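**Q** everything below, folded, please.
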Amino acid sequence: MAHQAPRFWQKRGFFALGLLPLAALYGALAGLRRRLYAWGLLQVVRLPVPVIVVGNIGVGGSGKTPTTLWLVEALRARGRHPGIISRGYGGQIREGVAAVPPDGDPVRFGDEPVLMASRARCPVFVGRDRPAAGAALLAAHPEVDVLIADDGLQHYRLARQVELVVVDEATLGNLWRLPAGPLREAPSRLAEADLILAQGALSDGLRAAVGPVPVFPFRLEGGDFERLGDRTERCSPARMAGRRLHALAGIGRPERFFSQLESLGLSIERRPFPDHHAFTPDDLVLPEGDVLLMTEKDGVKCAPFAPRECWVWPVRAQVAPGAVDLILEKLDGPPTA
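**A** Numbering: from 1, shown residues only. Predicted structure coming up:
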């Protein structure tokens, strides 16, 4: 897997054009599969509690995991008891389902589920069969009254009450389907969602595709760095300035992480890796006296062998007011007078 999305996904050039027949086939098959669920020819499973899916129409990092964590906190603040289900991409759970402990092994469960379990303080279950994962979570945790399906937009076997789509137009490239572009579904799919969380401004064309669906802007904000070996020890960006810094990222869009660090006034040596990269100690070798910065998602995998001067930069999704009210209205109906 490349360190970043293929360059030809950014433009409608000759190489992408040559892949359009495959993209058309991909789109036709995906559309047929969805219609089979809609017609009842493929079984849709309804769980006994409401399900909110958090997903996107493209591949690559758009902020789904921070959005899921924001949603857990927002629902908990409104008196709900959420749980999270995830496929566990990159993990080793091939059959059945599994509960993810906060200190779980990211090799077994996947890096994002372990990060969510450590941060969310709610049950997290993984499994390729999302309805089975949801049923197992509810059996083990009967107090849970709402499920969040992380990256579940295209998992149509699972019935959902709310579709929350995260959009970062910078990840949508040429707006063509896989493999000619980065899209899993066409932009017109956005008009069927319940709400959109947009990281960055949307172009006029994408705004038109969204139609009347409410759009709430959000951004990812970080504060102090935390030492990976002892997360209670913190260091401000100002105190990091002037040190020899290396920035490591194995996420969907590593360049965003690097740019965020540089916007803090830090001079860094960039070390991009593929998304969900299986890090080894050799990846983290540092010259004497240098400092390594990384994302929380990478930190859960590197913690067992990270050098002392390794720091993570936690980010939080800051979402425009009103989004959680709309979600609860979709779940419960409009508030009574």
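
**Q** residues contacting Arg78?
**A** Val324, Leu328 (Cβ atoms under 8 Å, 6 or more residues apart in numbering). Yep, even glycine has a C-beta here, placed from its N, CA and C like the rest.

**Q** swap in Asp283?
**A** Contacts of Asp283 by Cβ under 8 Å, 6+ apart are Leu248, Arg271, Phe273, His277, Cys302.

**Q** let's see it at 10 Å
**A** Contact analysis of Asp283 by Cβ atoms under 10 Å, 6 or more residues apart in numbering lists Leu248, Gly250, Arg271, Phe273, His277, Leu292, Asp298, Lys301, Cys302, Phe305.

**Q** repeat for Asp150
**A** Counting by Cβ under 10 Å, 6+ apart, Asp150 makes contact with 52-55, 64-65, 67-69, 71, 84-89, 112-113, 116, 124, 126, 130.

**Q** the nearest residue to it once chain neighbours are set aside: how many residues sit nearby?
**A** Nearest residue to Asp150 in three dimensions, chain neighbours excluded: Ser86, at 4.3 Å (Cβ to Cβ, 6 or more residues apart in numbering). Using other Cβ atoms under 10 Å, Ser86 has 28 neighbouring residues.

**Q** run through the residues that contact Ser86.
**A** Listed by Cβ under 10 Å, 6+ apart, the contact set of Ser86 reads 54, 65, 68, 93, 100, 109-110, 112-113, 116-117, 124-127, 130, 133, 148-152.

**Q** in helices only, show me those.
**A** Thr65, Thr68, Phe109, Glu112, Pro113, Met116, Ala117, Arg130, Ala133 (DSSP state H).

**Q** most neighbours among those, which one?
**A** In terms of neighbours by other Cβ under 10 Å, the ones in helices among the contacts of Ser86 top out with Pro113 at 30 neighbours.

**Q** I'd say that residue and Gln92 touch.
**A** No. Contact between Pro113 and Gln92 fails when scored by Cβ atoms under 10 Å: they sit 11.6 Å apart.

**Q** between these two, what contacts are shared?
**A** Counting by Cβ under 10 Å, 6+ apart, the residues touching both Pro113 and Gln92 are Ala98.

**Q** now do the helix or strand Phe218 falls within: which elements does it pack against?
**A** When elements are defined using DSSP states H and E, Phe218 is found to belong to strand 215-222. Applying 3 or more Cβ pairs under 10 Å, 6 or more residues apart in numbering; DSSP states H and E, one finds that strand 215-222 makes contact with helix 64-77, strand 162-167, strand 195-199, helix 254-263, strand 315-319, helix 323-332.
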